[in-house]
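K.L.:
fold the following.
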Amino acid sequence: MKNFNQIKKSIANIVLATFSIVFLCVAAQAQNYSTGETTITAATAAGFATLNVAVQTTEAGVFVTWATTSETNSNYFTIERSSNGRDFTEIARINGAGTSTVTINYGYADKNPLNGISYYRLKQTDFDGQYSYSSIESLVFNGNTRTFNVSKLSPTKLAIHFPETEATNYVAVYTIIGELVFEQTVPAGHKNFTIAKELQTGYYIVCNEYNGNKQSKKVKI
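P.N.:
Here you go, the predicted model:
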């Protein structure tokens, strides 16, 4: 089992991708998106500078998100998937922004993911044919994966309802700008858990990890 610090780092790595998912859910802010879910790590290419590429499992499949802080001569992004980490196949192509100096969020939902372990990577191609790859990210998809739920106990307190009682859960709560405000490892055997912190009014990202499954939800206090 991963130690506490490793799990903290793993959860922290998906928070920025979660922000991309939040953008996807808000129709007024949706741009350059296809429906879906996943996460990936930072990479710099000839035609773009990226913030976190991420892959994340959901009950509907796998969601891949990434963001660029700038793009130069950027034609399109290709999402590639592999079952062995060596042989990759294109599963989607998303148009780039050409030239941009502002942050742009992208996302794609793989609605037909592979069962078991899968590997994802992002390829960015310029108009002149030059291309670069992101790092490779892996995850395990189980069609029976169930998500955790969040409910309000009071106007300022949240309760977590875990999908598995036999697993140790790591819970973390972040503000919408990525500030960690609560974290705790919950031993196996607990179906429900109360976040012992009064939260101020606003939006939060609640993250949960168990048995290698990384999940997150946006909640409003």
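K.L.:
for this protein, which strand extends over the most residues?
P.N.:
strand 61-82 (DSSP state E).
K.L.:
against residue 68, how distant is the residue of the chain positioned farthest from its centre?
P.N.:
Within the chain, the residue lying farthest from the chain centre (Cα atoms, centre = their mean) is residue 128, at 30.6 Å. As defined by Cβ to Cβ, to the nearest Å, residue 128 lies at a distance of 18 Å from residue 68. C-beta: built from backbone N, CA, C; applies to glycine.
K.L.:
over to residue 126?
P.N.:
Look at residue 126 and residue 68: by Cβ to Cβ, they are 13 Å apart.
K.L.:
tell me which of the two has more neighbours.
P.N.:
The neighbour comparison of residue 126 against residue 68 (other Cβ atoms under 10 Å) goes to residue 68, with 23 against 20.
K.L.:
test my guess that that one contacts residue 104.
P.N.:
Yes. Between residue 68 and residue 104 there is a contact under Cβ atoms under 8 Å: 5.2 Å.
K.L.:
overlap in contacts, residue 126 and residue 68.
P.N.:
residue 74 (Cβ atoms under 8 Å, 6 or more residues apart in numbering).
K.L.:
give me the below-cutoff pLDDT ranges for this protein.
P.N.:
Along the chain, segments meeting pLDDT under 70 span 1-52, 58-59, 143-146.
K.L.:
do that again at 90, thanks
P.N.:
1-72, 100-109, 111-118, 132-157, 161-167, 174-179, 188-192, 196-198, 202-221 (pLDDT under 90).
K.L.:
any idea how it splits into domains?
P.N.:
Using automatic domain parsing, the domain parsing of the chain gives 31-141, 149-220.
K.L.:
pick the most deeply packed of those.
P.N.:
domain 31-141 (a mean of 18; mean count of other Cβ atoms under 10 Å).
K.L.:
excluding chain neighbours, give the residue nearest to residue 141 in space.
P.N.:
Ranked by Cβ to Cβ, 6 or more residues apart in numbering and with sequence neighbours excluded, the top spatial neighbour of residue 141 is residue 113, at 4.6 Å.
K.L.:
doesn't that neighbour lie inside a helix?
P.N.:
No. Using DSSP: H, G, I helix; E, B strand; the rest coil, the assignment for residue 113 is coil, not a helix.
K.L.:
I'd say it and residue 120 touch.
P.N.:
No. With contact defined as Cβ under 8 Å, residue 113 does not reach residue 120; the gap is 9.5 Å.
K.L.:
common neighbours of the two, please.
P.N.:
Common neighbours of residue 113 and residue 120 (Cβ under 8 Å, 6+ apart) are 62, 81.
K.L.:
end-to-end on stretch 182-197?
P.N.:
7 Å (Cα to Cα, to the nearest Å).
K.L.:
ok, for residue 77, nearest residue in space, not its chain neighbours?
P.N.:
That would be residue 94: by Cβ to Cβ, 6+ apart, it lies 4.7 Å from residue 77.
K.L.:
go on, residue 185?
P.N.:
Here the residue nearest residue 185, using Cβ to Cβ, 6+ apart, is residue 170, at 5.2 Å.
K.L.:
find the helix or strand that that neighbour is a member of.
P.N.:
Secondary-structure assignment from DSSP states H and E places residue 170 in strand 169-175.
K.L.:
show residues contacting that strand.
P.N.:
By Cβ under 8 Å, 6+ apart, the residues outside strand 169-175 that reach it are 4, 7-8, 11-12, 15, 148, 158, 160, 162, 180-186, 190, 193, 195, 197, 199, 202-210.
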